[in-house]
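1. Below is the sequence, then the predicted model.
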Amino acid sequence: MSPADLLTEAIDRVLESVESVLDGADDALLAERPTPDANSIGWLVWHLTRVQDDHVADVAGTEQVWTDGGYAERFDLPIETGDIGYGHTSAQVALVRAPAGLLADYYRATHARTVEYLASISADDLDRVVDERWDPPVTLGVRLVSVVNDCTQHVGQAAYLRGMLSPAPGRG
């Protein structure tokens, strides 16, 4: 298995988890927050997708799916186009609302662009420095692992919220 195959396997699991979390979720469930300052399922899925889209587009040297695919317009959120959710306040989290179908479409498009990029990289590419603002500088391999880590954490949080906010039949 090549490093690209390994990373593709990891990001494929994120896709499966995103689709599972969104399956059958209505707008109210996606926007519900268990406490006033908690993140919602919808915000978590939007944010993990924005981070993946932003970071992969940056290392691939391409435009983000968010803008290139027209998702910024389709979501029509009252936030800056380049916003990925990092550091959002509670009030900003509340602004991010979207139906499950749109969230899923955006993640699938971002996933497809990610998989396309991963197919183009070699093991040697993973040592290329992509961000010198850090000490040590960040390599492509480290950046891609960071993306997978961020996505798995956030989709896990969304899955936890989904279970907490909509218990299985017979459980509450």
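-> Now that the structure is in, tell me what you want to look at.

2. Stretch 8-22: which residues count as buried?
-> 8, 10-11, 14-15, 17-18, 21-22 (16 or more other CB atoms under 10 Å). C-beta coordinates here come from the backbone N, C-alpha and C atoms, glycine included.

3. for this protein, what spans make up the strands?
-> 129-131, 138-139 (DSSP state E).

4. Name the stretch among the ones you listed that sits most buried.
-> Among those, ranked by average contacts under mean count of other CB atoms under 10 Å, first place goes to strand 138-139 (a mean of 16).

5. which helices and strands sit right next to it?
-> strand 129-131 (3 or more CB pairs under 8 Å, 6 or more residues apart in numbering; DSSP states H and E).

6. partners of the strand it packs on, with directions?
-> Paired neighbours of strand 129-131 in the sheet (DSSP bridges): strand 138-139 (antiparallel).

7. Relative to the whole chain's centre, how far out is the strand it pairs with?
-> Computed by CA atoms, centre = their mean, to the nearest Å, the separation of strand 138-139 from the middle of its chain amounts to 20 Å.

8. what residues does it touch?
-> Strand 138-139 is contacted from outside by 126-132, 146, using CB atoms under 8 Å, 6 or more residues apart in numbering.

9. hmm, try it at 10 Å
-> 59, 125-132, 145-146 (CB atoms under 10 Å, 6 or more residues apart in numbering).
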